[in-house]
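>>> this one's sequence-less:
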């Protein structure tokens, strides 16, 4: 099969899938309409088995049965963001304050497109293709990938390899990028409450100043990265919110801080919360205050399997030409829960270029003006279906 040619033939279908999902975005944990649309479409396409509400989640799983025991999984995330769309496009979000500003609508459409292509050649497949449509990628508190894994999404049939793709407005339309090794960082969050003694601002000696303590905490925590971590190990520690007090002449009883930690090193990831608590204990004790510390591990570092990545790079070059492949020279400190799957099965995470200045599709992810160049959709569809076909051909 000429995968690029066949994907271009169904471009209108893929674009239509994408626009339907785009117009009715749903935030994490509420992807009911999207899941229903996906399940109905998979059945219409002719996917052999379709499971709605997989494992008591909002996820949808489809299985295309080929001739063999090996199974390739293709994953698409489905959730949108609480962003008010400002693209002005005819297919813009019809849901106030919610938008597919991270391109998950495109991911859904491309995996549906891949399903359409693979169903047509399932008699040639030397194994199965499992289609995973995942809720809750954007929010750490609902853990979409982990919940699906816990529910058995990588079993029955057992998944041998998994591929995921994400649109990227920083790459030129149609180019595909990946690498061996680390692609994205872990993504953890934490919160700190500083407790003191409220008093009038003119008499700070009669209180315990939580604002001052919090200021010292912020300063010290940012020094963890520069003074306790090897400079050659990428780590980001950011305080994103500080809340405390209601009036300029009152020292508040409580100040709350929230932040995130990103790293590519699992050993450092385990040490960071210990170092944070050491700093909190020392500072609050010195000023007579108290603290409450909560640290929540989110997604682990996303690390492509080397053997699978080398296979992927070789096959993409065959499919698209070397000029359309980009090797990622360094990882991003963003996070992605596709990493959860890679803890259990080998796989590769890809980036698909959707940036086109003439079409205005270079706004960054999560921007209210974010949009994609839809000419990239057949490329992503072809890449996913081709990788599934070729991996089974070589390993089935």
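Yes, it's here. The structure presented is a predicted model; accordingly, all values stated were derived computationally and were not measured.
>>> State the distance from residue 19 to residue 374.
9 Å (C-beta to C-beta, to the nearest Å). Using the backbone N, CA and C atoms, a C-beta is placed for each residue, glycine as well.
>>> Of these two, give the one with the bigger neighbour count.
It is residue 374, of residue 19 and residue 374, that has more neighbours when counted by other C-beta atoms under 10 Å, with 20 against 17.
>>> Identify the residues contacting that one.
Contact partners of residue 374, counting by C-beta atoms under 8 Å, 6 or more residues apart in numbering, are 11, 15, 18.
>>> Quick check: pLDDT value at it.
Predicted confidence (pLDDT) for residue 374: 98.
>>> Can you list phi and psi of it for me?
The phi and psi values for residue 374, taken as degrees, to the nearest 10, are phi -70, psi -10.
>>> Use 182 as the first number for this chain going forward.
OK, 182 is where the count begins now, so the last one is residue 555.
>>> so how far is residue 567 from it?
20 Å.
>>> Quick check: what element follows the strand of greatest length in the chain along the chain?
Ranked by residue count under DSSP state E, the longest strand found in the chain is strand 342-353. On the C-terminal side of strand 342-353, the nearest following helix or strand under DSSP states H and E is strand 357-359.
>>> elements contacting the helix or strand just after that next one?
Next helix or strand after strand 357-359 toward the C-terminus (DSSP H and E): strand 362-365. Here strand 362-365 touches strand 483-485, going by 3 or more C-beta pairs under 8 Å, 6 or more residues apart in numbering; DSSP states H and E.
>>> Strands along the stretch 432-577 of the chain, start to end?
Assigned by DSSP state E, counting those that start in this stretch, the stretch 432-577 of the chain shows strands spanning 435-444, 471-480, 483-485, 506-508, 528-536.
>>> Out of those, which is closest to residue 252?
strand 528-536 (12.1 Å; C-beta to C-beta).
>>> Between strand 342-353 and that closest one, find me the angle.
20 degrees (axes from the mean of the first three to the mean of the last three C-alpha atoms, to 10 degrees).
>>> Identify each buried residue in strand 528-536, please.
528-536 (16 or more other C-beta atoms under 10 Å).
>>> what do you get for stretch 512-528?
For stretch 512-528, by 16+ other C-beta under 10 Å, it's 512-514, 516-523, 526-528.
>>> Next, format the strands of the stretch 432-577 of the chain as JSON lines and append mean pLDDT and distance to residue 496.
Formatted as JSON lines, the strands of the stretch 432-577 of the chain follow (pLDDT from 0 to 100; distance: least, C-beta to C-beta, whole Å):
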{"stretch": "strand 435-444", "mean pLDDT": "97", "distance to residue 496": "30"}
{"stretch": "strand 471-480", "mean pLDDT": "96", "distance to residue 496": "27"}
{"stretch": "strand 483-485", "mean pLDDT": "97", "distance to residue 496": "14"}
{"stretch": "strand 506-508", "mean pLDDT": "98", "distance to residue 496": "10"}
{"stretch": "strand 528-536", "mean pLDDT": "98", "distance to residue 496": "10"}
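>>> Let's have these in JSON lines, adding distance to residue 572.
Shown next, in JSON lines, are the strands of the stretch 432-577 of the chain (distance: least, C-beta to C-beta, whole Å):
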{"stretch": "strand 435-444", "distance to residue 572": "30"}
{"stretch": "strand 471-480", "distance to residue 572": "24"}
{"stretch": "strand 483-485", "distance to residue 572": "14"}
{"stretch": "strand 506-508", "distance to residue 572": "17"}
{"stretch": "strand 528-536", "distance to residue 572": "10"}
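>>> Of all those, which one comes closest to residue 498?
That would be, of these and by C-beta to C-beta, strand 506-508, which comes in at 5.3 Å.
>>> Can you pull the domain assignment for this protein?
Domain assignment of the chain by automatic domain parsing yields the ranges 184-365+482-576, 368-480.
>>> from the chain's centre, how far out does stretch 370-382 sit?
Centroid displacement of stretch 370-382 relative to its chain, using C-alpha atoms, centre = their mean, to the nearest Å, is 33 Å.
>>> Please apply the same query to stretch 480-490.
The answer for stretch 480-490 is 14 Å, by C-alpha atoms, centre = their mean.
>>> now swap in stretch 439-448 and tell me
The answer for stretch 439-448 is 16 Å, by C-alpha atoms, centre = their mean.
>>> OK, contacts around the residue nearest the centre of the chain?
Central residue of the chain (C-alpha atoms, centre = their mean): residue 517, 3.2 Å from the mean position. Shown in contact with residue 517 (C-beta under 8 Å, 6+ apart): 318, 345, 347, 365, 368, 480, 483, 530.
>>> is it fair to say the first one lies in a strand?
It stands for residue 318. No - in this structure, residue 318 is coil, not part of a strand, as judged by DSSP: H, G, I helix; E, B strand; the rest coil.
>>> among the buried residues of stretch 512-528, which two are most distant?
Maximum distance among those (C-beta to C-beta): 24.4 Å, for 514 and 526.
>>> just checking, residue 487 touches residue 362?
Yes - with contact defined as C-beta atoms under 8 Å, residue 487 reaches residue 362; the gap is 6.8 Å.
>>> Need the phi and psi values for residue 376.
phi -110, psi 130.
>>> Can you check the distance spanned by stretch 437-450, start to finish?
23 Å (C-alpha to C-alpha, to the nearest Å).
>>> Can you list the buried residues in that stretch?
Neighbour count says stretch 437-450 has 438, 440-446, 449-450 buried, by 16+ other C-beta under 10 Å.
>>> got it, and stretch 250-260?
Result for stretch 250-260 [16+ other C-beta under 10 Å]: buried residues 251-260.
>>> Stretch 490-509 now?
So for stretch 490-509, counting by 16+ other C-beta under 10 Å, buried means 490, 492-494, 496-497, 500-501, 505-507, 509.
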